[in-house]
Structure formats: C-alpha cells, structure tokens
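>>> return atomic coordinates for the entry below.
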Amino acid sequence: GHQVAEIATSDMSDFEQRGFRQVELFTFTAADGVTELHGMLHRPSNFDPSQSYPVLVSVYGGPDSPGARETFTTPHRFTEYGFLVVTLDTRSAGGRGKELLDAIYLKLGVVEVDDVAAGIRSLWDRPYLDQTRVGIFATSYGGYLSVLALPRHPEVFQAASASSPVTD
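The predicted structure follows:
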C-alpha cells in the first residue's frame, strides 16, 4: 500500500524536445463483445486533432503474439508520412491464458481478423481518424490476416499489403 523505493526515473525531455508524441495505449472490446483487449495508437509529431488522418494497421496476430505493450515505445516511422499507425492485440495474444487461445482453435484467420476490425471500430468516434482511408499491412501470418481483412470487413479496411503471407 505504500512505495518502498524508487528504482529509476525516466527523463522524457529530449524525446519531447524533438517533437515526438507518446504512443497511446488504449483498451477495446474484442469481436466476442466480452473480452478486453489492448491497442496502441501512434501519432505523427505534427499531429493536429482538428485534421483527418489516414490509418495504417500493423498486425501480426498469430498465436502468442501481442500487438500492444505496456513498455516505452517510440512512434512508428510511418507516422511522419502523415499516418496514424495502430497496433492491436487479438484473442490470440500470448500471456492471457488458455481460454483466450481456445477462441482461435480451429478458427485461425477468423477470430483475429474480427478482433482487429473491432479494434479499429473502437476508434471511429475520434474525429481525426479517417474511416474511409484504413489500410492494413504485415508480413508472414500478419500478411495472411491482412489479405483476409478486405473480404471479411470491407466496411473497415479499404487497402491491404501482404508481404510473405502464409497462404496456399
């Protein structure tokens, strides 16, 4: 109930002086309507909340692969090209127990894509997010999910890029 010791203190002054913005950790409800998941929103250094920004979703989504972390993260490099970049957990993220992983059993490519779409929908109330310009990109299993996102959720994703997707 009380602080025992302070081990270290972070000095963010240089980071802030360079104009970088801290990455926002947020929560959203998974596609099942019950499970709380986490995401990260990266903004450009010249972010203006009165402007509208296209969104890039960076995803992997394979089993035991979290997309959001509670550690210091520098903004994604694509933000400096005028994008918001979003990384999202799905129910396949590790460290959440067997029950969540059971949700993807025999449903690979369904549950994860639905959770990513739910994560983006959770941000739709933010006026600076352009819902008509949302792309998703990734490599390997994430490339597979990117390809599946277009036909599964065309109301959410308008573009996809898949590098080395796991396909047959």
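>>> quick one, what contacts residue 60?
Residue 60 makes contact with 67, 138-142, 145 under the criterion C-beta atoms under 8 Å, 6 or more residues apart in numbering. Where you see a C-beta, it was placed from the backbone N, CA and C, and this is true even at glycine.
>>> can we see that at 10 Å?
66-67, 87-88, 90, 92-93, 112, 138-145 (C-beta atoms under 10 Å, 6 or more residues apart in numbering).
>>> what's the PyMOL line that selects buried ones from those residues?
Command for PyMOL that selects the buried part of these, burial taken from 16 or more other C-beta atoms under 10 Å:
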select buried, resi 66+67+87+88+90+92+93+112+138+139+141+142+143+144+145
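>>> partners of residue 138 in the sheet?
residue 162 (DSSP bridges).
>>> how near is it to residue 53?
Per C-beta to C-beta, to the nearest Å, residue 138 is found 20 Å from residue 53.
>>> next one: residue 1
42 Å.
>>> more neighbours: these two, which one.
Between residue 1 and residue 53, counted using other C-beta atoms under 10 Å, residue 53 has the larger neighbour count: 20 against 2.
>>> for residue 81, see how far away that one is.
From residue 53 across to residue 81, the span is 11 Å (C-beta to C-beta).
>>> give me the common contacts of these two.
By C-beta under 10 Å, 6+ apart, the residues touching both residue 53 and residue 81 are residue 44.
>>> can you tell me which of the contacts of residue 60 comes closest to residue 165?
Closest to residue 165 out of those is residue 143 (3.3 Å), distances taken as C-beta to C-beta.
>>> next structured bit after the helix or strand of the chain with the lowest mean pLDDT?
Sorting the helices and strands of the chain by mean pLDDT, DSSP states H and E puts helix 98-102 at the bottom, at a mean of 80. Using DSSP states H and E, the next helix or strand after helix 98-102 towards the C-terminus is helix 111-121.
>>> could you dump that following helix to PDB, C-alpha only?
What follows is helix 111-121, C-alpha atoms only, in PDB (Å, rounded to 0.1, in the frame of the first residue of the first chain):
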ATOM      1  CA  VAL A 111     -11.200 -14.500 -34.700                       C
ATOM      2  CA  GLU A 112      -8.100 -12.500 -35.200                       C
ATOM      3  CA  VAL A 113      -9.400 -10.500 -38.200                       C
ATOM      4  CA  ASP A 114     -12.700  -9.900 -36.400                       C
ATOM      5  CA  ASP A 115     -10.800  -8.600 -33.300                       C
ATOM      6  CA  VAL A 116      -8.600  -6.300 -35.400                       C
ATOM      7  CA  ALA A 117     -11.800  -4.900 -37.100                       C
ATOM      8  CA  ALA A 118     -13.300  -4.400 -33.600                       C
ATOM      9  CA  GLY A 119     -10.200  -2.500 -32.500                       C
ATOM     10  CA  ILE A 120     -10.500  -0.100 -35.400                       C
ATOM     11  CA  ARG A 121     -14.200   0.400 -34.900                       C
END
